[in-house]
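Engineer: show me the folded form of this:
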Amino acid sequence: MERLILDIKNKSKVPFLKELLKHLEFVKVVEPRNFTAKEKKILTDMDDAVEQVNLHKKGKIKLKSIQQVLDEL
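Structural biologist: Next up is the predicted model:
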């Protein structure tokens, strides 16, 4: 089994696409579950962290050392 995640640019087309996929016997549509506020915050924080790492790799920002982070605690 393969899993695909689709990003639909035009939200008005989502119902049409869902209906189309439901009619394909070889496709199972799995609706995403709703996240709690805490889970959303964790995901947002993780996205921010990944973005910072990517900027660091590109040389656009300098990250703190582990010692600097520990000293702040």
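
Engineer: where along this structure do the strands fall?
Structural biologist: In the chain, no strands are found when defined by DSSP state E.

Engineer: pLDDT on stretch 21-37, on average?
Structural biologist: Stretch 21-37 shows a mean pLDDT of 90.

Engineer: show me which residues of that stretch are buried.
Structural biologist: Within stretch 21-37, no residue counts as buried by 16 or more other CB atoms under 10 Å. For every residue, glycine as well, the C-beta is placed using N, CA and C.

Engineer: what's the end-to-end length of that stretch?
Structural biologist: Across stretch 21-37, the terminal residues are separated by 30 Å (CA to CA, to the nearest Å).

Engineer: contact partners of that stretch?
Structural biologist: The contact list for stretch 21-37 (CB atoms under 8 Å, 6 or more residues apart in numbering) reads 18, 43.

Engineer: how close does residue 1 get to residue 18?
Structural biologist: Counting by CB to CB, to the nearest Å, the gap from residue 1 to residue 18 is 19 Å.

Engineer: just residue 54 next, same as before
Structural biologist: 33 Å.

Engineer: still on that earlier bit, residue 1 and residue 18 - which one has more neighbours?
Structural biologist: Higher neighbour count among residue 1 and residue 18: residue 18, with 12 against 3, using other CB atoms under 10 Å.
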